[in-house]
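**Q** Below are the sequence and a predicted model for it; my questions follow.
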Amino acid sequence: MTILVTGASAGFGASISRTLVKAGYQVIGAARRQDKLQHLSQELGAAFLPLEMDVTDTNSVDQALASIPEQWAQIDLLVNNAGLALGMEVAQEANFADWERMIHTNVLGLTYVTRKILPQMVQNNKGYIINLGSTAGSWPYKGGNVYGATKAFVRQFSLNLRTDLVGTRIRVTNVAPGLCGDTEFSNVRFRGDEDRVQAVYENISYLKPEDIANTILWLYQTPAHVNVNHIEIMPVSQTFAGLSVTRDLA
Ligand code: 8X3
């Protein structure tokens, strides 16, 4: 039984791959950056198969999936982890190219990989799809505009998948993490602006990638009759802000 993790070269994806290999599973780690995947491959050994794949390029996904060796080809768990946030400007000032790239990766990339893998799972009447959503998909925040909307898509797509899969044994979960550090998330979002990145995590006990990886391991190991539809995880240091009201706005 094989697990396919997208965005495996760093952050959540690398941690999920590590945790699942250590738990005894065989993991295909898909990503664009081959140098990083090779490092992970050296670390994890024969139970890890690095796979060059750009989820935003349908040809790349097709070729990558077609190149999986026979003994790895039966995907039992797909972890749709590849995704990113770009920028935090308010909508009226945001860079449209950033919006396009987030939609392309977080929405189109995730749906394309899912559409490719799902028929095999349905044919076997067995499989599990775990999508990486975000608290940003449920809780709006300033500057979250399109990033949050892509993650709301991921949450609803996960629920709708389960609806289509009625009568099958295929499980689907949306995993929605809140503030998490020790990943490239904020470096990518703020384009390497170290001061802004550090400000996000200053004096905060944030979630670690291992927290998410352990959640995914737990989900995968729940009994076959259990389906967790949606799981949201925040660090204790984070909670809700409530609605905002502007006074004297006639
Ligand atoms: C990560 C959580 O709050 O940075 O998706 O959007 S947040």
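**A** Arrived safely, thanks for sending. Predicted model only: the values in this text are computed from it and were never measured.
**Q** All the strands of the protein, residue numbers only.
**A** Listed in chain order, the strands found in the chain under DSSP state E are 2-6, 26-31, 48-52, 75-80, 128-132, 171-177, 230-233.
**Q** Nearest to residue 64 among the ones you listed would be which one?
**A** Ranking the strands of the chain by proximity to residue 64 (Cβ to Cβ) places strand 48-52 first, at 5.3 Å. Every residue, glycine included, has its C-beta placed from N, CA and C.
**Q** Partner strands of that closest one and their direction?
**A** Note on strand 48-52: by DSSP bridges, its sheet partners are strand 26-31 (parallel).
**Q** tell me the angle of the partner strand relative to strand 75-80?
**A** 30 degrees (axes from the mean of the first three to the mean of the last three Cα atoms, to 10 degrees).
**Q** angle of strand 26-31 against strand 2-6?
**A** Using the same axes, to 10 degrees: strand 26-31 against strand 2-6 is 20 degrees.
**Q** Contacts for strand 26-31, please.
**A** Contacts with strand 26-31, where a contact means Cβ atoms under 8 Å, 6 or more residues apart in numbering, come from 1-10, 13-14, 17, 20-21, 37, 40-41, 44, 47-53, 55, 64, 68, 72, 75, 82.
**Q** let's see 7 Å
**A** If you take Cβ atoms under 7 Å, 6 or more residues apart in numbering as the criterion, strand 26-31 is touched by 2-9, 13, 17, 20-21, 37, 40, 47-51, 53, 64, 68, 72.
**Q** ditto for stretch 104-120
**A** Contacts of stretch 104-120 (Cβ under 7 Å, 6+ apart): 6, 55-56, 58, 61, 65, 75, 78, 80, 82-84, 129, 131, 150-151, 153-154, 157.
**Q** Take those and, keeping just the buried ones, write it as a ChimeraX select command.
**A** Of the contacts of stretch 104-120, the buried ones go into a single ChimeraX selection, burial set by 16 or more other Cβ atoms under 10 Å:
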select :6,55,56,61,65,75,78,80,82,83,84,129,131,150,151,153,154,157
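**Q** Run through the contacts of stretch 104-120 and flag the ones next to the ligand.
**A** Among the contacts of stretch 104-120, no residue lies close to the ligand (Cβ under 6 Å from any ligand atom).
**Q** got the residues of the protein near the ligand?
**A** Applying Cβ under 6 Å from any ligand atom, we find that the chain lies next to the ligand at 134, 135, 136, 144, 177, 178, 179.
**Q** Point to the residue nearest the middle of the protein.
**A** By Cα atoms, centre = their mean, the chain has its centre lying nearest to residue 81, at 2.4 Å.
**Q** how about that one, what does it touch?
**A** If you count contacts by Cβ under 7 Å, 6+ apart, residue 81 has them with 5, 6, 7, 12, 13, 16, 132.
**Q** which one among these gets closest to residue 122?
**A** Compare each of the contacts of residue 81 with residue 122 using Cβ to Cβ and the shortest gap goes to residue 6, at 19.7 Å.
**Q** hang on, that closest one packs against residue 55?
**A** Yes. Residue 6 is in contact with residue 55 according to Cβ atoms under 7 Å; the separation is 5.7 Å.
**Q** Mutual contacts of these two, please.
**A** Common neighbours of residue 6 and residue 55, counting by Cβ under 7 Å, 6+ apart, are 82, 113.
**Q** hang on, the earlier thing: let me know the closest of the contacts of residue 81 to residue 169.
**A** residue 5 (21.4 Å).
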